[in-house]
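**Student:** mind folding the following:
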Amino acid sequence: MSQRALVAARQLTWRVTKPFLAIAAFLLLWQFAPAAGLVDEVFLPPFTVVAEAFVDLVRSGEMWNHVSTSLGRSVTGFGIALVIAVPLGIAIAWYKPVSELLNPILELFRNTAALALLPVFVLILGIGETSKVALVVYASSFPILLNTITGVRTVDPLLVKSAVSLGLRPIRLFQKVILPAAIPSIFTGLRMAAASSILVLLAAEMVGARAGLGYLITAAQQNFQIPNMYAGILAISLLGLTFNGVLVTLERRFSRWRVQTNS
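**Tutor:** Numbers count the residues shown, from 1 in each chain. Purely as a prediction, here's the structure:
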């Protein structure tokens with residue numbers, strides 16, 4: 001193996017192992033901080049105790065019940081937001097009359113925090129599933145919408161002019177030029193929306209829910225089952241990492257042309 005190949009292999013190995021080293025350091029700190037007296041073990045149990053509680057919840061089926069409930073609500077709201085926000089963002093970015101019509105209402109609502117509207121959703125839609133999904137839709141829509149608008153508006157004008165000169169019709173222009181060029185910005189919005197959907201859902205599940213990770217955390221805290229509370233928080237982190245990993249994989253799949261161009 002050549003010297004250059006060895007250097008490249010070492011760089012790749014370091015790039016892969018570096019995140020795991022950071023996570024291992026964090027877990028070691030979590031494990032030994034209570035034993036060293038840095039924090040009270042009652043309020044922050046060692047990681048092994050939390051991991052044991054997590055495994056017990058998984059074995060009993062309780063963890064899957066809460067995860068599946070939260071995941072169903074989050075994915076439903078996220079999917080509805082995606083279907084609404086991407087076409088609307090394209091319309092606002094591409095058609096000036098639509099932008100002039102909707103920009104004032106967009107500016108008004110995008111500066112209104114989703115959690116501030118939780119009581120409104122509960123009053124109008126009730127305390128059941130509909131209000132929780134609607135809150136996720138609201139929180140997820142704006143990151144997707146704003147990044148779609150940015151992505152479409154920042155497409156290189158030369159690409160558009162070249163496509164028009166080649167006789168591409170508007171539909172083909174969107175399909176072959178506008179959307180591929182806007183994909184990175186749209187996926188940035190999707191990743192932000194995925195995080196927002198989980199956060200607002202947890203807050204909603206802490207009020208008037210009987211299942212879900214938010215309910216698990218609140219119920220465990222109220223019953224002073226602290227390891228179970230941290231197990232719920234750990235489940236949220238793993239769920240968020242999974243969401244992000246899926247979106248990063250999809251972005252790479254739909255942005256292959258950028259890699260080929262850079263190559």
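
**Student:** assign the residue nearest the centre of the chain to helix, strand or coil.
**Tutor:** Central residue of the chain (C-alpha atoms, centre = their mean): residue 194, 2.1 Å from the mean position. Under DSSP: H, G, I helix; E, B strand; the rest coil, residue 194 falls in the helix class.

**Student:** could you find the closest non-adjacent residue to it?
**Tutor:** Take residue 194 and drop its neighbours on the chain: the residue closest to it by C-beta to C-beta, 6 or more residues apart in numbering is residue 243, 4.4 Å away. Quick note: C-beta positions are derived from backbone N, CA and C, even for glycine.

**Student:** could you find the closest non-adjacent residue to residue 41?
**Tutor:** Nearest to residue 41 is residue 34, by C-beta to C-beta, 6+ apart, at 3.9 Å.

**Student:** number of residues surrounding residue 67?
**Tutor:** Residue 67 has 21 neighbours, counted by other C-beta atoms under 10 Å.

**Student:** now the closest residue in space to it that isn't next to it in sequence: which helix or strand?
**Tutor:** Take residue 67 and drop its neighbours on the chain: the residue closest to it by C-beta to C-beta, 6+ apart is residue 235, 5.9 Å away. Per DSSP states H and E, residue 235 falls inside helix 226-254.

**Student:** what's the offset of that helix from the middle of its chain?
**Tutor:** Offset of helix 226-254 from its chain centre (C-alpha atoms, centre = their mean, to the nearest Å): 8 Å.

**Student:** now do the buried residues in stretch 42-61.
**Tutor:** Buried positions in stretch 42-61, judged by neighbour count with 16 or more other C-beta atoms under 10 Å: 44, 45, 46, 47, 49, 50, 51, 53, 54, 57.

**Student:** good, we can wrap up now.
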